[in-house]
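1. predicted structure and sequence below. I'll ask about it afterward.
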Amino acid sequence: MNLLAKAQPILNRGPRCPTVLAPWHARVPSYRRTVVPPYRPTALPPGFTLIEILVVITVIAILAGLVTPMVFRNVGDAKVSAARAQIEILGLALDSYRLNNDAYPSTAQGLSALQSAPSGEPPARNWRGPYLKKAIPLDPWGQPYHYESPGTVNASTYDLVSYGRDGRLGGTDEDVDIKSWSDSTP
């Protein structure tokens, strides 16, 4: 028998021997032959257009234009209220000083007599201060309170005034003078 005849049955095995005759893809199971292409987005991600952004900015600007004057009007009212409250607190401290020392501090001694024992007339015979827990405050506009004892309006006690935002006598709105006495008192 010829050598070729002996090799013929080996070459004709066909599907029984896929490693010899079948190509590589025939050896891969069918569920693994599916090729998934890499993800490449065809559309841009969702976002806002320029027109939408401009509309939103316009609406915010309109709302800010309507709300801002109301807020700042309230800020001015709050400063006037804060000045009144501080004058009341300073008045209580001055009354405590008077109870201990039989007199209010003079204009020369000023409001600093509420923080440290004053020198000069009238003498602080029984000073038990400090009468304020913190330093003497400035008014809400950053100006010192004007203290006078005996007062021009209240000759038996004191005058304590904040001249408001403008720092001058008289005025309206935020420029109004905040006083320790009511205007109905002569």
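-> It's in.

2. OK, contacts around Asp177?
-> Counting by CB atoms under 8 Å, 6 or more residues apart in numbering, Asp177 touches 161-164, 169-171. Heads up, the C-betas are built off the backbone N, CA and C, glycines and all.

3. try Val161
-> Neighbours of Val161 in contact, by CB under 8 Å, 6+ apart: 145-146, 177-180.

4. which non-adjacent residue is nearest it?
-> His146 (4.7 Å; CB to CB, 6 or more residues apart in numbering).

5. and the pLDDT for the one you found?
-> For His146, the model assigns a pLDDT of 92.

6. what backbone torsions are found at it?
-> Note on His146: backbone dihedrals following degrees, to the nearest 10 are phi -100, psi 120.

7. give me the number of residues near it?
-> 18 (other CB atoms under 10 Å).

8. now do the contacts for it.
-> 159-163.

9. among those, which are in strands?
-> 159-162 (DSSP state E).

10. hmm, back to that, widest-spaced pair of the contacts of Asp177?
-> Ser162 and Gly170 (12.7 Å; CB to CB).

11. so between the two, which is more surrounded?
-> The residue with more neighbours, out of Ser162 and Gly170, is Ser162; 26 against 10, by other CB under 10 Å.

12. helix, strand or coil: sort out the residue lying closest to the more buried one once chain neighbours are set aside for me.
-> The shortest distance from Ser162 to any non-neighbouring residue, by CB to CB, 6+ apart, is to Asp139 (4.0 Å). Of the three states, Asp139 takes coil under DSSP: H, G, I helix; E, B strand; the rest coil.

13. where does this structure have its least confident helix or strand?
-> Within the chain, no helix or strand scores below helix 18-21, which has a mean of 49 by mean pLDDT, DSSP states H and E.

14. which helices and strands does the helix or strand Val71 falls within pack with?
-> Using DSSP states H and E, Val71 sits in helix 50-101. Under the contact definition 3 or more CB pairs under 8 Å, 6 or more residues apart in numbering; DSSP states H and E, helix 50-101 sits against strand 159-162, strand 178-179.

15. for Arg168, which residues are in contact?
-> Counting by CB under 8 Å, 6+ apart, Arg168 has contacts Asp175.
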